[in-house]
Structures are given as structure tokens and as C-alpha cells.
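Q: Requesting a structural model of the entry that follows:
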Amino acid sequence: MAGGAKPHVVPLTTADGAPVVVRRSARRRRTVAAFWENGTAVVAIPANFTKAQESEWVHRMLEKLRLQGVRRSSGAGRRRPATDAALTSHAAELSGKYLAGRAVPSSVRWVSNQNSRWGSATPADGTIRLSDKLRTMPQWVIDYVLLHELAHLLVAGHNAAFWRLLEAYPETQRAKAFLEGVAFATSRGMAPGSESPDSDSLSDDADVACGPATTSGTEKPGTG
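A: Sure, this is the predicted structure:
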């Protein structure tokens with residue numbers, strides 16, 4: 001190599017000695033994600049990345065993971081994912097922890113125009129949207145809705161295979177009951193909000209009616 005420069009080699013371990021795994025995804029186009037999975041640092045990159053791009057982004061994302069760990073240890077990382085970028089990063093962490101990293105969204109956004117759904121997903125393009133009404137709710141409730149929509153990227157409907165994907169999350173039943181209580185209270189003017197999620201509009205039939213793209217949504221607990 002000219003000038004005797006050494007090649008930029010992707011590390012096999014983090015600075016703390018943890019193993020590193022690079023996952024290429026054909027569904028991932030422009031985004032790169034990094035998360036922890038069973039003690040392993042996983043970096044998810046587009047399948048068409050060159051070796052040079054892989055090396056650059058793995059180093060960059062491992063540094064982000066390191067800084068994230070520093071912030072969390074000092075208490076600065078306990079804030080909820082307020083931005084779309086933070087929400088996307090959090091979604092990658094949840095996918096890695098509970099869905100073996102198989103759900104890889106192309107984007108995850110907070111939206112203000114979902115009055116009849118807590119969240120929705122479009123498997124055809126990998127997009128996920130969460131209602132901003134969730135922002136004031138406990139993090140374990142937000143995580144359930146996000147996992148629900150991540151699972152829809154793997155299984156579009158609400159069949160047995162879909163619900164098996166959510167069994168690993170320990171707060172599934174508790175979160176469903178919480179959201180059901182919020183919807184009940186809101187519909188009777190006992191909680192903030194002008195509209196409560198409508199069980200009819202959140203049924204499987206309503207999801208299918210969205211068209212060929214098939215946008216799946218987090219239904220009101222008890223209706224799925």
C-alpha cells in the first residue's frame with residue numbers, strides 16, 4: 001500500500017473487549033444502526049456497502065455505542081426518545097433484544113395525525129409511525145407499541161404467529177391493559193385527549209382495507 005499506510009481494519013471487539021457482529025441487510029438502503037444483543041455489539045448496514053464503507057461505519061457506530069453507554073452510566077441517557085432519530089435508534093435496540101434483529105425499519109417517526117391508532121406500520125416499505133399521544137405515557141408502554149409495529153414488519157396480520165413474536169417482551173399484557181384503560185377513560189372524558197382509539201378502525205379488517213401496501217396498526221387491546 002502506498003506510503004506504507006496500514007489498511008483500516010474493522011475491529012472484532014469493542015474497546016471493552018465485547019464481540020462485534022456486522023449484519024448486512026438488503027432492506028436497509030441508507031441507514032446504519034448499532035445496538036447490543038446478548039452482550040454482542042451489532043452493527044446493521046446496507047447490503048451494498050463496500051468494505052471501506054463498512055469499516056468506516058462500524059468504527060463510527062461503535063463509538064456512538066460507547067458514548068451512549070457513558071451517558072447512561074451518568075444518568076443522561078434515561079430520557080425518552082424525543083426525536084425521530086432517537087426513536088429509530090431505540091427501535092433497533094428493541095428489535096435486537098426481542099426480535100433477534102429481524103425487524104429492520106426504514107424509518108420510525110412520531111406523528112400527530114393518528115387519532116385512531118397508537119401506531120402503524122407499512123411492511124411494504126418498512127416504515128413505522130407512532131402517535132405523539134404516547135409521548136407522555138410510561139416508557140414500557142411506548143416500547144410495547146414500538147415492538148408491536150416492528151413485529152408487523154415480519155407478520156402483517158394479528159394471527160398466532162404475530163403474537164408469539166411479542167411473547168418475549170415481559171410487559172405486553174400490562175401495556176395492552178394500560179392502553180385499554182386510557183382509551184376507556186378518554187372516551188368518557190376522564191382523561192386528556194379529544195379522541196380515543198376506535199376499536200372498529202383498529203381491527204384487522206381496517207388494516208387490510210388500507211390497500212396493497214398493507215399498513216398494520218397497533219390495535220386497541222382486546223380487539224386484536
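Q: hey, let's count contacts and neighbours off CA atoms from now on
A: Fine.
Q: Glu37 is in contact with Pro19, correct?
A: No - judged on C-alpha atoms under 8 Å, Pro19 makes no contact with Glu37 at a distance of 10.3 Å.
Q: Comparing these two, which residue is more hemmed in?
A: Legend: neighbour count by other C-alpha atoms under 10 Å for Pro19 and Glu37, higher for Glu37 (17 against 14).
Q: give me every residue that touches the more buried one.
A: Neighbour list for Glu37: Glu93, Gly96, Lys97, Ala100 [criterion: C-alpha atoms under 8 Å, 6 or more residues apart in numbering].
Q: what's the burial count for the third one?
A: Around Lys97 sit 16 other residues, with neighbours defined as other C-alpha under 10 Å.
Q: For it, which non-adjacent residue is spatially closest?
A: Leaving out its chain neighbours, the residue that sits closest to Lys97 by C-alpha to C-alpha, 6 or more residues apart in numbering is Glu37, at 5.7 Å.
Q: Strands of the protein, start to end?
A: 20-25, 33-37, 40-46, 107-111, 119-122, 127-131, 216-217 (DSSP state E).
Q: tell me which residues form a beta bridge with the residue nearest to Val32 when sequence neighbours are not counted?
A: Take Val32 and drop its neighbours on the chain: the residue closest to it by C-alpha to C-alpha, 6+ apart is Ile45, 4.9 Å away. With DSSP bridges as the criterion, Ile45 is bridged to Arg24.
Q: tell me the contacts of Ile45?
A: Ile45 neighbours (C-alpha under 8 Å, 6+ apart): Val22, Arg23, Arg24, Ser25, Arg28, Thr31, Val32, Ala33, Glu54.
Q: Mind checking which of these are buried?
A: Applying 16 or more other C-alpha atoms under 10 Å to the contacts of Ile45, the neighbour count classes Val22, Arg24, Ser25, Arg28, Val32, Ala33, Glu54 as buried.
Q: got the contact list for Ala92?
A: Neighbouring residues of Ala92 by C-alpha under 8 Å, 6+ apart: Ala33, Ala34, Phe35, Gly101, Val104.
Q: now the last one: how far from Ala175?
A: Computed with C-alpha to C-alpha, to the nearest Å, the distance linking Val104 and Ala175 is 23 Å.
Q: coming back round to it: going by neighbour count, which of the contacts of Ala92 comes out on top?
A: Ranking the contacts of Ala92 using other C-alpha under 10 Å puts Ala34 first, with 26 neighbours.
Q: All the helices of the protein, in order from the start?
A: In the chain, helices defined by DSSP state H lie at 51-73, 84-98, 139-152, 160-165, 172-187, 204-208, listed in chain order.
Q: Cool, thanks, signing off.
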